[in-house]
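[1] need a structure here:
(chains A and B)
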2 protein chains.
Amino acid sequence: MIQSNNHCCWPHLSEIAIVSSKSGKFRKDPRASLLEIACEPCLSIFKESPHFRNRINCILFSTTSNLQYGSTILCEYLGIRSTVSQTIENLCNSGTNAIISGYSFIKAGLCDTVLVVGADRRDTDGKRLKWDITRGQFPFPVHWAALFAKAHMRKYHTTEEQMAMVAVKNREKAMKNPNAIFTSKITIHDVLESKKIVEPIKMLDCSYVCEGAAAVLMTNEENVKKFTDNPVWIKGIGIHAESASFARIGEDLCSMNSAKIAAKKAYEMANVKPNEINIVELHDAFTIMEIMAYEDLSLTRKGEGGKFVFQDEISINPRGGLLGSGHPIGATGVAQVAEVAEQLSGNAGKRQIKNCGHVGVVHNLAAAGSSAAVLVLKS
Amino acid sequence: MIQSNNHCCWPHLSEIAIVSSKSGKFRKDPRASLLEIACEPCLSIFKESPHFRNRINCILFSTTSNLQYGSTILCEYLGIRSTVSQTIENLCNSGTNAIISGYSFIKAGLCDTVLVVGADRRDTDGKRLKWDITRGQFPFPVHWAALFAKAHMRKYHTTEEQMAMVAVKNREKAMKNPNAIFTSKITIHDVLESKKIVEPIKMLDCSYVCEGAAAVLMTNEENVKKFTDNPVWIKGIGIHAESASFARIGEDLCSMNSAKIAAKKAYEMANVKPNEINIVELHDAFTIMEIMAYEDLSLTRKGEGGKFVFQDEISINPRGGLLGSGHPIGATGVAQVAEVAEQLSGNAGKRQIKNCGHVGVVHNLAAAGSSAAVLVLKS
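    So this is what the prediction gives:
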């Protein structure tokens, strides 16, 4: 439980800021090793600011691979002398978990500057939910995405066209993101006519698990000035694990309870209302999940997610989301945080949103929404 | 860097206490699944105190296995509704890393009660340091243990008999530990005559990687009274990663630099001097490592570790250490913390040390001492 009450009683503590972040190129690259991939965004950070390297005293590696002591190997590859060094895994939610760990280590005073690195390869074990026998013969995520889509269509008359529009929109945004795996425009017709995987989910409704990495550098208030004049502060953290098995995910297949709880906590901690949010990176592993996330994050009313895809007031998934950028599992949460931080600090290059505002949200999920994390960032 | 200076300036924060801990039976049990093994110590805690279960809001799983989202699955097996749920890996140092994460999550106010579970099976990938090609054809830990032993023997005239005595002592202590894998007495002669593995390391100088688990329950100061009248406080944390490869471990093969740095940090943070320490759980994967740890922890002067094995003022490895208890990799750090907490709170059963004092230390290592963690606990 986020102790929002206790927070008020506590004396002021150092705030935590994101001071640099980079994404590597998301791609299909079976020859590249996990460690090579993981180093890419870190080296981009150090190329721009060589003096950052020596200030890092904690490295957290988010991955679903089974490489042993990968965080410590990364230290050596990158020439970092770290105190805390650990690998963190919670499926698709690994990256956001690692960000939250970094935040906590700094808050606890165990280190002051944390590099969070997320990386994965397509051949990870994280793609298939082997343990959950309540899924029966349907262990792949697309099976439960189909259940969610069917339920939402039945209850709220959400259409296949609205879902297709999510893919069209995110692919279009990805065209401005040099690190996205997909670079070409698609139409609603393309999505609807793409290969049917599990009724009503078609090929272009699905994100693509690929090779890729992202890195985020965090520090405490006292050190921020040594890194940047445009820090982005982590103001709200909500995290919740509902269950591990699909059978216990709740009665309502039209929303993710874990995400709703995580959002509520994060908004409360940051003292932010949904209508104050300017930019959102949300977990669109399948098009239906973006529509559900609109509702779970209270960006629109329940049942109206299908229509909300056509709004343009809030910037949603500006890097192209998982659908446009690709989904290297352990990297995704870190890349989402990196994108919101880059936008809020005005460092998003070609895809920089003009007047993008000051309040950003990251929404990430694992295993059919059985666990969720929501972060509120502010510039 | 532990910010000991900043600590002083900080306003008083809630202290973190260990309020319950249990070890499962360490054993050779190829048929048991990792999750079954992991649940054992947790169920022992809940059997004794059923109301603890509902108070837990964070679960951290320390393991070197490549099970995906194991922490969330454990939540479901154990009937826990968690906020933070993640798997943490840093080879043999995984368990201590998970304890430190739990401490940080509570300090950061993201949860108040954390269950840390460590578990592993013998068939884990964590046994072989595949990545480190600086080890050449010698990827098994016993190879570097032999280098350390040779160096210590050459420089400080440490003898094979002194090393053997470490095994004899720890096996004897294990006889009182119902969860230890080894239950019979051995003699110095047995060790010296056991099969030579790598000169001068013999079979009985080595710990045995086995199946096993341990669990530690932590909470903040405000909640302690709901759990126990005998809390054990985490007062000092030192953690340091020196390198990942053996080639960069330092010039002196007679000590572990990472452990020396970690000990210094932990003692400073806890404001404890080495001569105030009453009980120590240290990482004796090989007999020579216990001798080196005496020196790295400043329990004796450098070079005098060989003689120190015969002292009986400080209680060292009362559960039998890794040599007597067995070494389920991800569980070891958690079991070490559990042992010191049980002794300091007077809950160690048959092996309870009379008047065991108030200051305990845990010392854990990963990958040839390339990283180390030292904790100071106080009753």
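
[2] now stretch A:103-111, how far from the centre of its chain.
    In terms of CA atoms, centre = their mean, to the nearest Å, the centre of stretch A:103-111 is set 22 Å apart from its chain centre.

[3] hmm, that stretch in reach of chain B?
    Yes - residues of stretch A:103-111 contacting chain B under CB under 8 Å from any CB of the partner chain: A:Tyr103, A:Ser104, A:Phe105, A:Lys107, A:Ala108, A:Gly109, A:Leu110, A:Cys111. Using the backbone N, CA and C atoms, a C-beta is placed for each residue, glycine as well.

[4] what's the most distant pair in the residues you listed?
    Using CB to CB, the residues of stretch A:103-111 next to chain B reach their maximum pairwise distance at A:Tyr103 and A:Gly109, which is 12.5 Å.

[5] what do those two both touch?
    Common contact partners of A:Tyr103 and A:Gly109 (CB atoms under 8 Å, 6 or more residues apart in numbering or on different chains): none.

[6] picking that back up, give me the subset of the residues of stretch A:103-111 next to chain B lying in helices.
    With DSSP state H as the criterion, helices contain A:Tyr103, A:Ser104, A:Phe105, A:Lys107 from among the residues of stretch A:103-111 next to chain B.

[7] A:Gln352 and chain B: what is the separation?
    Using CB to the nearest CB, to the nearest Å, one gets 31 Å for the distance from A:Gln352 to chain B.

[8] contacting residues around that residue?
    By CB under 8 Å, 6+ apart, A:Gln352 lies in contact with A:Gln343, A:Gly346.

[9] For it, grab phi and psi.
    In terms of degrees, to the nearest 10, the main-chain angles of A:Gln352 are phi -60, psi 130.

[10] What are the boundaries of the helices in the stretch 101-250 of chain A?
    Taking DSSP state H, counting those that start in this stretch as the test, the helices found in the stretch 101-250 of chain A are A:141-156, A:160-174, A:188-193.

[11] Kindly calculate the angle that the second one makes with helix A:141-156.
    Our comparison of helix A:160-174 with helix A:141-156, counting by axes from the mean of the first three to the mean of the last three CA atoms, to 10 degrees, yields an angle of 130 degrees.

[12] What are the buried residues along helix A:160-174?
    A:160, A:162-171, A:173-174 (16 or more other CB atoms under 10 Å in any protein chain shown).

[13] Which strands and helices lie in contact with it?
    When contacts are defined as 3 or more CB pairs under 8 Å, 6 or more residues apart in numbering or on different chains; DSSP states H and E, helix A:160-174 packs onto helix A:188-193, helix A:287-296, helix A:305-308, helix A:321-325.

[14] One more: the longest one?
    Contacting helix A:141-156 under the criterion 3+ CB pairs under 8 Å, 6+ apart are the following elements: strand A:196-198, strand A:201-202, helix A:287-296, helix A:305-308.

[15] Tabulate those in TSV, adding columns for mean neighbour count.
    Shown next, in TSV, are those (neighbours: other CB atoms under 10 Å in any protein chain shown):
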stretch	mean neighbour count
strand A:196-198	16
strand A:201-202	23
helix A:287-296	28
helix A:305-308	22
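
[16] Quick check: mean pLDDT of stretch A:246-259?
    Mean pLDDT, stretch A:246-259: 82.

[17] And stretch A:26-46, by the same measure?
    96.

[18] which residues are in contact with that stretch?
    Here stretch A:26-46 makes contact (CB under 8 Å, 6+ apart) with A:20-25, A:52-53, A:61, A:63, A:65, A:67, A:70, A:73-74, A:77-78, A:115, A:117, A:119-123, A:179-181, A:210-215, A:217, A:325-326, A:328, A:331, A:335, A:338.

[19] out of the residues you listed, who's near chain B?
    A:Ser65, A:Leu67, A:Gly70, A:Ile73.

[20] Would you mind listing what in the stretch 201-350 of chain A touches chain B?
    Within reach of chain B by CB under 8 Å from any CB, the stretch 201-350 of chain A has these residues: A:Glu222, A:Ile237, A:Ile239, A:His240, A:Ala241, A:Glu242, A:Ser243, A:Ala244, A:Ser245, A:Arg248.

[21] buried subset of the residues you listed?
    Neighbour-count burial (16+ other CB under 10 Å) is assigned, among those, to A:Ile237, A:Ile239, A:His240, A:Ala241, A:Glu242, A:Ser243, A:Ala244, A:Ser245.

[22] Go ahead and confirm the last one touches A:Ser370.
    Yes - contact between A:Ser245 and A:Ser370 holds when scored by CB atoms under 8 Å: they sit 7.3 Å apart.

[23] residue of the stretch 1-150 of chain A with the smallest distance to chain B?
    With CB to the nearest CB as the measure, A:Asn66 is the residue of the stretch 1-150 of chain A nearest to chain B, at 3.1 Å.

[24] Next one: that residue, what pLDDT does it get?
    Looking at A:Asn66, its pLDDT is 84.

[25] Look at it and give its secondary structure.
    Three-state call for A:Asn66 (DSSP: H, G, I helix; E, B strand; the rest coil): coil.

[26] tell me the phi and psi of it?
    Torsion angles, degrees, to the nearest 10, at A:Asn66: phi -110, psi 30.

[27] That one: how many residues sit nearby?
    20 (other CB atoms under 10 Å in any protein chain shown).

[28] need the contact list for the closest residue to it other than its chain neighbours.
    Closest residue to A:Asn66 apart from its sequence neighbours, by CB to CB, 6 or more residues apart in numbering or on different chains: B:Asn66 at 3.1 Å. Neighbouring residues of B:Asn66 by CB under 8 Å, 6+ apart: A:Ser65, A:Asn66, A:Asp125, B:Asp125.

[29] same check, this time on A:Ser207
    A:Asp284, A:Ala285, A:Phe286, A:Gly321, A:Leu322, A:Leu323, A:Gly326, A:His327.

[30] Redo those as a markdown table? Include pLDDT and neighbour count.
    Compiled in a markdown table, the contacts of A:Ser207 are given as follows (pLDDT from 0 to 100; neighbours: other CB atoms under 10 Å in any protein chain shown):
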| residue | pLDDT | neighbour count |
| --- | --- | --- |
| A:Asp284 | 97 | 29 |
| A:Ala285 | 95 | 25 |
| A:Phe286 | 97 | 26 |
| A:Gly321 | 97 | 34 |
| A:Leu322 | 98 | 30 |
| A:Leu323 | 98 | 30 |
| A:Gly326 | 97 | 27 |
| A:His327 | 96 | 25 |
